[in-house]
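Undergrad: Generate a structure from the sequence data that follows.
(one chain, ligands or ions: 1)
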Amino acid sequence: MSRILISNDDGIYGIGLNTLIKAIRPLGEVIVVVPDSERSAASHSITLHKPFRVQRMPIELGVKDLIYVYVANGTPSDCVKFGIHQVLKDKKVDLVIGGINNGPNLGEDTIYSGTVAVARQGAMLGVPAFAISVTKDSKPSFLMAAKIAYKIAKKVLKNKLPARVFLNVNVPPNLNHNSSLKVTSLGRRVYGKAIPSGIDPRGNPYYWLAGDVPKGIPEKGTDIEAIKSHFVSVTPLTLDSTCNSFLPELNSWKF
Ligand code: MN
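TA: The predicted structure is shown next:
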């Protein structure tokens with residue numbers, strides 16, 4: 001039987017969590033360690049300067065169907081580390097899944113994303129892993145994403161992944177029966193430049209750093225194009241972000 005660790009960055013109340021747990025449970029033993037509140041855009045941050053605290057609590061998956069999960073005051077990466085090194089200490093973990101995130105994780109979003117960090121942390125600890133996100137918040141999107149998660153989990157459990165490689169999956173709304181899955185590379189996100197500001201009730205100025213919904217350049221073969229054409233996007237990512245193509249030129253600088 002497979003042993004699967006689930007975490008997320010939307011936290012224990014994240015809308016995609018229950019749906020994912022229910023979809024993945026038929027594949028084996030599911031262990032859930034999630035943040036106690038939303039940590040979207042936490043990226044790969046870890047808790048260094050305060051205690052990490054965890055509680056076990058039940059969540060209801062259906063009538064008389066409870067699962068006990070670990071709820072922590074840390075980040076998504078912390079949760080994966082704790083799940084593997086403490087909860088599942090000395091046990092083999094076959095798969096780590098991050099999600100289902102409420103919102104896209106395309107292109108450079110993967111740098112900010114806590115959902116992607118879950119999968120990246122899995123890969124860092126030598127466990128095959130993937131992150132899954134819906135690009136639009138709707139009940140059918142989450143149900144569809146859960147089915148896709150099941151399908152991808154089965155494939156990853158069977159085929160494994162190369163060392164230090166993990167997958168980033170995005171599911172579009174209105175997936176139709178003719179649509180399927182596209183293997184993609186990361187596209188380019190375009191983030192807004194506007195930083196709206198105001199004056200708070202105490203008379204101090206404040207700024208809002210994440211106002212606009214990011215746009216994307218739908219270059220061929222990218223995750224952004226796949227989602228725009230209603231395909232599920234699956235991008236393989238790696239821990240090594242060395243720019244190998246620039247190595248020879250950098251060497252020619254003769255430091
Ligand atoms: Mn999130």
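
Undergrad: Give me the neighbour count for the closest residue to Leu17 other than its chain neighbours.
TA: Residue nearest to Leu17 in three dimensions, not counting chain neighbours: Asn8, with 5.8 Å by Cβ to Cβ, 6 or more residues apart in numbering. In this view, the C-beta of every residue, glycine as well, is placed from N, C-alpha and C. The number of residues packed near Asn8 is 31, by other Cβ atoms under 10 Å.

Undergrad: what do you get for Lys151?
TA: 14.

Undergrad: And the pLDDT at it?
TA: As predicted, Lys151 sits at a pLDDT of 96.

Undergrad: how close does it sit to the ion?
TA: For Lys151, the distance to the ion (Cβ to the ion, to the nearest Å) stands at 22 Å.

Undergrad: phi, psi of that residue?
TA: Dihedral pair for Lys151: phi -60, psi -50, per degrees, to the nearest 10.

Undergrad: wait, Gly16 sits on Phe142?
TA: Yes - assessed by Cβ atoms under 8 Å, Gly16 is found in contact with Phe142 at 5.2 Å.

Undergrad: ok and the residue in the protein nearest the ion?
TA: Ser40 (3.3 Å; Cβ to the ion).

Undergrad: Got phi/psi on that residue?
TA: phi -60, psi 140.

Undergrad: Quick check: nearest residue in space to it, chain neighbours excluded?
TA: Asp9 (5.1 Å).

Undergrad: quick check, the one you found in a strand?
TA: No - using DSSP: H, G, I helix; E, B strand; the rest coil, the assignment for Asp9 is coil, not a strand.

Undergrad: what number of residues lie near Asp90?
TA: 5.

Undergrad: Mind checking which of Gly16 and Phe142 has more residues around it?
TA: Gly16 (24 against 21).

Undergrad: I'd like the distance between that one and Thr75.
TA: Distance, Gly16 to Thr75, using Cβ to Cβ, to the nearest Å: 18 Å.

Undergrad: what do you get for Lys215?
TA: Plainly put, Lys215 is 28 Å away from Thr75 if you go by Cβ to Cβ.

Undergrad: how about the residues of the stretch 1-150 of the chain that lie near the ion?
TA: Within the stretch 1-150 of the chain, the positions lying close to the ion (Cβ under 5 Å from the ion) are Asp9, Asp10, Ser40, Asn101.

Undergrad: make it 8 Å
TA: Residues of the stretch 1-150 of the chain lying close to the ion by Cβ under 8 Å from the ion are 8-10, 14, 38-41, 101-103, 113-115, 133.

Undergrad: In terms of helices and strands, where is the spatially closest residue to Phe82 that is not a sequence neighbour?
TA: Once flanking residues are discounted, Phe82 sits nearest to Val33: 5.8 Å by Cβ to Cβ, 6+ apart. Secondary structure from DSSP states H and E places Val33 in strand 28-35.

Undergrad: for that strand, which positions count as buried?
TA: Neighbour counts over strand 28-35 (16 or more other Cβ atoms under 10 Å) mark Val30, Ile31, Val32, Val33, Val34, Pro35 as buried.

Undergrad: got the contact list for the fourth one?
TA: With contacts defined as Cβ atoms under 8 Å, 6 or more residues apart in numbering, Val33 is in contact with Leu5, Ile6, Ser7, Val54, Val69, Tyr70, Ala72, Cys79, Val80, Phe82, Gly83, Val87.

Undergrad: Looking at neighbours, which among those residues is most surrounded?
TA: Neighbour max across the contacts of Val33 (other Cβ under 10 Å) = Ser7, 35 neighbours.
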